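*Asks:* From the sequence below, what's the structure:
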Amino acid sequence: MSKNIIRIANCSGYYGDKLSAAKELVEGGPIDVLTGDYLAELTMGILYGQMLQRGQDKGYVATFLKQLREIAKTCHDKKIKIVVNAGGLNPESMSQEVQNILNEMNITSKVAYIEGDNIVNDLEIFRSRARNLSIWIGKSH
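*Replies:* Residues are numbered from 1 along each chain as shown. Presented below is the predicted three-dimensional model:
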């Protein structure tokens with residue numbers, strides 16, 4: 001990384017964005033940090049559906065793992081940091097998958113995650129607090 005300038009490139013604006021963008025950015029120009037914003041309200045619903053259908057260990061943006069396989073070595077060699085929110089509803093499981101990929105590729109790197117986006121278990125609390133909001137329950141009281 002440059003001491004005075006940090007070059008940040010973003011490879012995703014939503015789940016389903018151009019898969020080749022990460023590789024193009026990493027190989028294309030001088031960057032210090034690659035970011036990816038995969039989450040939106042619709043995406044969270046899709047990820048919840050994945051958890052219901054595929055298991056509680058899912059709920060993350062699996063296409064990021066494909067992108068990571070394509071860029072991990074180059075990012076490691078160029079010292080490019082990767083910051084994404086692809087963990088979705090299950091950042092811990094995503095971080096384990098990321099670590100597995102890095103281990104397979106013999107890449108030593110720190111992997112961290114932040115929790116807090118999975119509010120599924122709190123939905124009843126929100127519903128009870130929103131009784132008077134007509135947009136929440138579809139009718140007024």
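*Asks:* what's the spacing between R129 and D122?
*Replies:* Separation of R129 from D122 (C-beta to C-beta, to the nearest Å): 10 Å. Placement of C-beta: from N, CA and C, glycine included.
*Asks:* and if you look at N100?
*Replies:* Distance from N100 to D122, by C-beta to C-beta: 30 Å.
*Asks:* Which one's more surrounded, these two?
*Replies:* N100 (12 against 9; other C-beta atoms under 10 Å).
*Asks:* The more buried one sits in which helix or strand?
*Replies:* Assigned by DSSP states H and E, N100 belongs to helix 91-104.
*Asks:* Can you point out the buried residues in that helix?
*Replies:* 91, 93-95, 97-98, 101-102 (16 or more other C-beta atoms under 10 Å).
*Asks:* nearest to K58, of these?
*Replies:* Taking C-beta to C-beta as the measure, K58 sits nearest to S93 out of these, at 7.2 Å.
*Asks:* counting residues per helix, which one in the protein is longest?
*Replies:* For the chain, the longest helix by residue count, based on DSSP state H, is helix 63-78.
*Asks:* outside of it, which residues touch it?
*Replies:* Outside of helix 63-78, the residues within contact range by C-beta atoms under 8 Å, 6 or more residues apart in numbering are 11-12, 15-16, 19, 22-23, 26-27, 34, 36, 38, 80-82, 84, 86, 94, 97-98, 101-102, 105, 107, 109.
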